[in-house]
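Peer 1: what would the 3D arrangement of this be:
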Amino acid sequence: MPDTRKNGPQRWRCIDTGPADGPTNMAIDEALLSSFDPNGSRPVLRLYGWAPATLSLGRFQNAEQVLDLDRCHAAGVPVVRRITGGGVIYHAAELTYSLVCAPHHLPPAASIKESFRILTSFLLSLYRQLGLDASYAVDRLPPGTVLGERTPFCFAGKESYDILIGDRKIGGNAQRRLKNAIFQHGSIPLRNMTDVGVRFLREAPVGVKEGTTSLWEEGIRLEEGSLKDMLKAAFRENQGGTLETGTISSREEDVAGELLVKYRGAAWNLGETSGG
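Peer 2: Okay, the predicted model is just below:
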């Protein structure tokens with residue numbers, strides 16, 4: 001099938017920023033999106049980690065209603081808010097990706113929902129190349145299964161294009177769209193830390209640990225550098241074009257620095273609702 005994307009296969013920038021604290025990670029993600037020019041910028045794939053372990057709220061969640069903030073503070077677990085929706089995520093022992101692109105950088109999608117299949121296809125390939133029985137929830141679960149139900153904790157629910165290993169969810173992905181730009185980020189859990197994360201919720205969902213999995217639980221003991229190499233290869237295979245190692249531009253770095261004020265402050269992270 002011919003490639004119908006504008007200007008053909010794309011040259012993606014690949015940025016590996018390594019581990020950072022929650023505010024820095026979220027500031028960089030937003031800086032990549034806000035600095036992106038749909039008509040002139042190259043699409044970006046970013047890889048990163050979290051140090052220390054951090055809880056992230058979905059963009060519209062009420063921090064006080066969802067989290068026991070006193071318990072978070074006592075345990076020394078920071079709380080940040082994402083620019084994407086969804087439920088709380090406990091970020092620990094994971095490899096995280098984010099990407100920024102324009103719709104014309106991708107093969108045509110019938111709907112926004114279908115774009116999740118396109119943009120997560122590299123993860124499905126990665127897991128299968130690791131020898132895991134990976135499928136999308138919509139393709140694996142029996143007819144009539146409720147998908148897309150809102151839950152306070154991200155890993156307690158299943159979306160159509162969440163990836164399952166057998167019948168257990170692995171990681172999660174969230175997307176935000178601007179007029180001519182797509183932002184998406186998601187997690188590849190090295191170990192299953194959901195039982196730790198739910199302790200900070202006011203109402204802990206039942207059975208999350210049993211309904212989720214990680215690479216460690218599936219017998220994958222890859223060194224992180226090898227995992228990243230496999231992820232990049234899967235990305236190139238699924239998205240087409242090239243994936244060229246790069247760094248954050250000086251403009252992106254400046255914007256991220258300005259955004260750190262926002263992401264280190266309670267107004268954004270702990271406010272009842274957040275626009276912008």
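
Peer 1: break down the stretch 51-200 of the chain into its helices, ranges please.
Peer 2: 63-66, 69-75, 112-129, 137-140, 194-197 (DSSP state H, counting those that start in this stretch).

Peer 1: how much space between the nearest residue in space to residue 217 that is not next to it in sequence and residue 92?
Peer 2: Spatially, and ignoring its direct neighbours in sequence, residue 217 is nearest to residue 192 (5.5 Å; C-beta to C-beta, 6 or more residues apart in numbering). Bear in mind the C-beta positions are built from the backbone N, C-alpha and C, glycine included. Distance from residue 192 to residue 92, counting by C-beta to C-beta, to the nearest Å: 10 Å.

Peer 1: so if I had to pick from those two, which one is more boxed in?
Peer 2: Comparing residue 192 with residue 92 by other C-beta atoms under 10 Å, the one with more neighbours is residue 192, at 23 against 20.

Peer 1: what are the phi and psi values for the more buried one?
Peer 2: phi -90, psi 110 (degrees, to the nearest 10).

Peer 1: let's see the pLDDT reported for it.
Peer 2: Per-residue pLDDT puts residue 192 at 94.

Peer 1: isn't it up against residue 209?
Peer 2: Yes. Because the distance of 6.7 Å satisfies C-beta atoms under 8 Å, residue 192 is recorded as touching residue 209.

Peer 1: correct me, but residue 248 touches residue 257?
Peer 2: No. Residue 248 lies out of contact with residue 257 (C-beta under 8 Å); the separation is 10.7 Å.

Peer 1: who has more neighbours out of the two?
Peer 2: Neighbour count, other C-beta under 10 Å: between residue 248 and residue 257, residue 248 has more, with 19 against 13.

Peer 1: near the nearest residue to that one once chain neighbours are set aside, how many other residues are there?
Peer 2: Spatially, and ignoring its direct neighbours in sequence, residue 248 is nearest to residue 15 (6.0 Å; C-beta to C-beta, 6+ apart). Neighbourhood size, residue 15 [other C-beta under 10 Å]: 19.
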